[in-house]
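Student: here's a sequence, model it:
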Amino acid sequence: MAVRYPLAWVKLARFCELSGYTRYAVHAKMRRGVWADGIHYRRAPDGHVMINLEAYDAWVQSAA
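Tutor: As a prediction, the model looks like this:
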């Protein structure tokens with residue numbers, strides 16, 4: 001069942017609030033290539049790190 005999100009992309013701080021991951025854990029996933037740039041995360045034009053909630057949800061479900 002697909003989950004619909006009002007916003008597909010959220011700032012890193014909001015993602016951490018929602019998921020419980022620390023910003024350090026997120027940056028580690030980015031650095032190690034666990035999450036793909038442009039799919040799971042990207043930098044917005046203003047430089048903020050944005051996380052794609054739909055891609056994150058798919059990543060979590062892929063482990064099942």
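
Student: switch to C-alpha atoms for all contacts and neighbour counts from now on
Tutor: Will do.

Student: surely residue 54 meets residue 10?
Tutor: No - contact status for residue 54 versus residue 10: not in contact, 10.6 Å apart, counting by CA atoms under 8 Å.

Student: how about the most centrally placed residue in the chain, what does it touch?
Tutor: Central residue of the chain (CA atoms, centre = their mean): residue 51, 3.2 Å from the mean position. Residues in contact with residue 51, defined by CA atoms under 8 Å, 6 or more residues apart in numbering, are 9, 10, 11, 12, 15, 40, 41, 42.

Student: in strands, which of those fall?
Tutor: 9, 10, 11, 41, 42 (DSSP state E).

Student: need these in a markdown table with distance to residue 26 and pLDDT, can you?
Tutor: Shown next, in a markdown table, are the ones in strands among the contacts of residue 51 (distance: CA to CA, whole Å; pLDDT from 0 to 100):
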| residue | distance to residue 26 | pLDDT |
| --- | --- | --- |
| 9 | 15 | 96 |
| 10 | 13 | 97 |
| 11 | 12 | 98 |
| 41 | 9 | 98 |
| 42 | 12 | 98 |
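
Student: can you give me the helices in the chain?
Tutor: 12-19, 23-32, 53-62 (DSSP state H).

Student: export the shortest one as PDB, just CAs?
Tutor: If I follow you right, that is helix 12-19. Extracted in PDB, the C-alpha atoms of helix 12-19 (Å, rounded to 0.1, in the frame of the first residue of the first chain):
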ATOM      1  CA  LEU A  12      17.000  17.300   7.200                       C
ATOM      2  CA  ALA A  13      15.900  18.600  10.600                       C
ATOM      3  CA  ARG A  14      12.300  17.700  10.000                       C
ATOM      4  CA  PHE A  15      13.200  14.300   8.700                       C
ATOM      5  CA  CYS A  16      15.200  13.700  11.900                       C
ATOM      6  CA  GLU A  17      12.200  14.700  14.000                       C
ATOM      7  CA  LEU A  18       9.900  12.300  12.000                       C
ATOM      8  CA  SER A  19      12.300   9.300  11.700                       C
END
